[in-house]
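# can't give you the sequence, but here's the structure:
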């Protein structure tokens, strides 16, 4: 069995406890999650939507949802956190990465519903992405963010990302993580 298959099987589904005592189920995204992702995106505050989509609209188009749920587990990986205690169950966090054409780097994005922020869910979702990217042999993970996005600055630093200004656009920052160095996203020894 390949490393990527071991990872996918190992993390097929997991219940995690957050710092506020609530639990969520984290699992890989599938095509059927479109309505859950759409609801999460459209339920974000204007500030969170702007931060996640760098000024994008509050509406999630069919094309966007199609792209976000196209999780082939090789070039695109995504995880969803579901609050199963709500009726109906709802997505409260989503994390994605897409491999660059050369397969050495991947761009990532994490979004957590406003009312679920500051309880460790973003960190859990990002750790899933980091583990998956490492298992697939990626060298770096990066995120391009608005320079106005103050939430990501400390979060990225605590996760081991290094920040650099985009030389082509002063309104953007690139946060990069070397996936070969141990850090907050590294797996604990068994």
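Structure's in. What do you need? Because the structure is a prediction, the values reported are computed rather than measured.

# what comes up buried for stretch 18-30?
18, 24, 26, 27, 28, 29 (16 or more other CB atoms under 10 Å). (Glycine included, C-beta is placed from N, CA and C.)

# format these as CSV; extra columns: secondary structure and distance to residue 77.
Formatted as CSV, those follow (DSSP: H, G, I helix; E, B strand; the rest coil; distance: CB to CB, whole Å):
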residue, secondary structure, distance to residue 77
18, coil, 22
24, strand, 18
26, strand, 13
27, strand, 12
28, strand, 7
29, coil, 8
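
# of those, closest to residue 87?
Lowest distance from residue 87 to those (CB to CB) belongs to residue 24, with 15.0 Å.

# list the contacts for the closest residue in space to the closest one that isn't next to it in sequence?
Leaving aside its sequence neighbours, residue 24 sits nearest to residue 81 (CB to CB, 6 or more residues apart in numbering; 4.4 Å). Residue 81 makes contacts with 16, 24-26, 91-94, 112, 116, 121, 124-125, as judged by CB atoms under 8 Å, 6 or more residues apart in numbering.

# show me what the residue nearest to residue 178 when sequence neighbours are not counted is bridged to.
Counting by CB to CB, 6+ apart, residue 140 is the residue found nearest to residue 178 once chain neighbours are left out, at 6.0 Å. Note on residue 140: beta-bridge partners residue 105, residue 178, judged by DSSP bridges.
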